[in-house]
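Q: Mind looking at a prediction? Sequence and model below.
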Amino acid sequence: MFSYRHAFHAGNHADVLKHTVLISAMNYLAQKDVGYTAIDTHSGPGLYKLDSPDAKQSGEAQEGLLALLRNKSKLAGPMAPALLAYRAVLDHFNPQGGMVHYPGSPFIAHHLLREQDKLKLFELHPTDIRTLVANVEALQAGRQTMVMNEDGFLGLPKYLPPTTRRGLVFIDPSYEIKLDYERVVVAVSTGLQRFATGTFVIWYPIIPRPQAHSLPRHLTNLARQSNRPWLHATLRIRSGAQRPEAVTGDPVKRLGLVESGVVVINPPFSLQEDLQAALPQMVQLMGQDSQAGFTLTNS
Ligand SMILES: C[S@@+](CC[C@H](N)C(=O)[O-])C[C@H]1O[C@@H](n2cnc3c(N)ncnc32)[C@H](O)[C@@H]1O
């Protein structure tokens with residue numbers, strides 16, 4: 001357990017997808033004056049350096065965010081509004097120009113908070129929690145942002161429903177252990193029982209593992225059973241050998257992640273339109289071969 005470090009993956013295509021969704025959802029919530037609570041059950045360290053040895057070693061940002069920026073002249077028209085919003089957040093963390101600092105979900109969320117909003121951050125990794133605490137302290141975030149060295153799955157229910165009954169739950173585990181898939185379903189099921197109108201954003205990797213394939217179905221079933229709307233987006237940047245896990249060991253590490261998805265329960269009204277415009281551009285800018293593509297379904 002805990003061999004996963006997001007520093008190797010910061011700014012990859014999966015981050016582009018999940019963070020575009022996070023930003024779009026938070027911007028929507030900010031349209032009403034009443035405050036909301038954002039809860040990040042799996043926070044990571046919060047801020048990354050794309051020129052760090054870890055990031056350079058994996059080179060994943062090169063295929064993700066940096067490809068998105070590098071190739072933007074390929075677009076016939078303007079960048080989609082959701083990608084421009086993503087870009088604007090990144091620019092905030094890189095005031096000197098260039099793209100050295102990559103904000104993780106805690107920093108993205110903190111940046112988008114208004115005075116009346118709150119942020120709850122969970123992280124378990126012994127090193128990443130120390131970095132997260134120091135990073136958040138440097139933001140002088142005060143009591144608006146709370147960092148907890150706790151299991152995010154277990155800690156989530158105590159903040160649901162938020163006092164203002166407006167909120168967003170961002171669930172982004174490393175899926176390092178297979179049990180994470182099951183725990184996500186239990187957390188969302190409990191979450192919906194306590195806060196049926198909350199927006200739940202769940203990221204997952206699309207890898208040759210049965211639990212990964214069935215997760216979106218379990219999540220959309222939960223939404224259906226609670227009579228709640230949902231949206232499901234996937235993004236693939238290239239072909240990837242789909243060899244069974246039994247042969248390859250850890251498919252994420254050995255083959256490189258080529259595809260991932262996000263399920264959103266109670267999506268903001270604008271999210272479908274935002275992603276309808278952004279996903280084809282993500283494929284155009286980060287796609288590497290004819291297998292690159294996206295799906296977008298909702299109910
Ligand atoms: C994919 S990373 C998170 C990335 C982050 N959400 C972002 O977008 O920048 C997953 C993180 O969850 C942490 N983690 C693993 N299991 C956890 C748990 N049960 N509760 C809280 N954090 C956990 C890992 O240490 C890792 O830092």
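A: Good, I have the coordinates.

Q: Name the residues of the stretch 51-200 of the chain found near the ligand, please.
A: Taking C-beta under 6 Å from any ligand atom as the contact definition, the stretch 51-200 of the chain meets the ligand at 104-105, 122-125, 128, 151-153, 172-174. The way it works is simple: take the backbone N, C-alpha and C, and place the C-beta from them, glycine included.

Q: Can I get the buried part of those as one PyMOL selection?
A: In PyMOL, this line selects whichever of those come out buried by 16 or more other C-beta atoms under 10 Å:
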select buried, resi 104+105+122+123+124+125+128+152+153+172+173+174
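
Q: As JSON lines, the residues of the stretch 51-200 of the chain next to the ligand with secondary structure and pLDDT would be great.
A: Output for these, formatted as JSON lines (DSSP: H, G, I helix; E, B strand; the rest coil; pLDDT from 0 to 100):
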{"residue": "Gly104", "secondary structure": "coil", "pLDDT": "98"}
{"residue": "Ser105", "secondary structure": "helix", "pLDDT": "98"}
{"residue": "Phe122", "secondary structure": "strand", "pLDDT": "98"}
{"residue": "Glu123", "secondary structure": "coil", "pLDDT": "97"}
{"residue": "Leu124", "secondary structure": "coil", "pLDDT": "96"}
{"residue": "His125", "secondary structure": "coil", "pLDDT": "94"}
{"residue": "Asp128", "secondary structure": "helix", "pLDDT": "94"}
{"residue": "Asp151", "secondary structure": "coil", "pLDDT": "98"}
{"residue": "Gly152", "secondary structure": "helix", "pLDDT": "98"}
{"residue": "Phe153", "secondary structure": "helix", "pLDDT": "98"}
{"residue": "Asp172", "secondary structure": "coil", "pLDDT": "98"}
{"residue": "Pro173", "secondary structure": "coil", "pLDDT": "97"}
{"residue": "Ser174", "secondary structure": "coil", "pLDDT": "94"}
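
Q: of the residues of the stretch 51-200 of the chain next to the ligand, closest to Leu215?
A: For these, the minimum distance to Leu215 (C-beta to C-beta) is 10.6 Å, reached by Pro173.

Q: per-residue confidence for Glu245?
A: At Glu245, the model reports a pLDDT of 45.

Q: Likewise for the one 3 residues further on?
A: The per-residue pLDDT reported for Thr248 equals 41.

Q: in the sheet, who's paired with the spatially closest residue to Leu296 that is not a sequence neighbour?
A: Take Leu296 and drop its neighbours on the chain: the residue closest to it by C-beta to C-beta, 6 or more residues apart in numbering is Ala233, 5.1 Å away. Legend: beta-bridge partners of Ala233 under DSSP bridges are Val262, Leu296.

Q: ok, Ala212 - contacts?
A: Ala212 is in contact with Tyr175, Tyr181, Tyr204, Pro205, Ile206, counting by C-beta atoms under 8 Å, 6 or more residues apart in numbering.

Q: so what does the host helix or strand of the second one touch, helix or strand wise?
A: Secondary structure from DSSP states H and E places Tyr181 in helix 179-194. Secondary-structure packing of helix 179-194 (3 or more C-beta pairs under 8 Å, 6 or more residues apart in numbering; DSSP states H and E): helix 152-155, strand 167-171, strand 199-205, helix 210-225.

Q: Give me the neighbour count for Arg154.
A: Quick fix: residue 154 reads Leu, not Arg. Leu154 has 12 neighbouring residues, counting by other C-beta atoms under 10 Å.

Q: What are the neighbouring residues in contact with the residue nearest to Thr163 when sequence neighbours are not counted?
A: Residue nearest to Thr163 in three dimensions, not counting chain neighbours: Thr37, with 7.9 Å by C-beta to C-beta, 6+ apart. By C-beta under 8 Å, 6+ apart, the contact set of Thr37 is Asp117, Lys118, Leu119, Lys120, Tyr159, Pro162, Thr163, Thr164, Arg166, Gly167, Leu168.

Q: Could you double-check that the first one sits in contact with Ala38?
A: Yes. The criterion here is C-beta atoms under 8 Å, and Asp117 meets it with Ala38 at 6.8 Å.

Q: which of those two has more neighbours?
A: Ala38 (29 against 24).

Q: Please name the bridge partners of that one.
A: Beta-bridge partners recorded for Ala38 (DSSP bridges): Leu119, Leu168.
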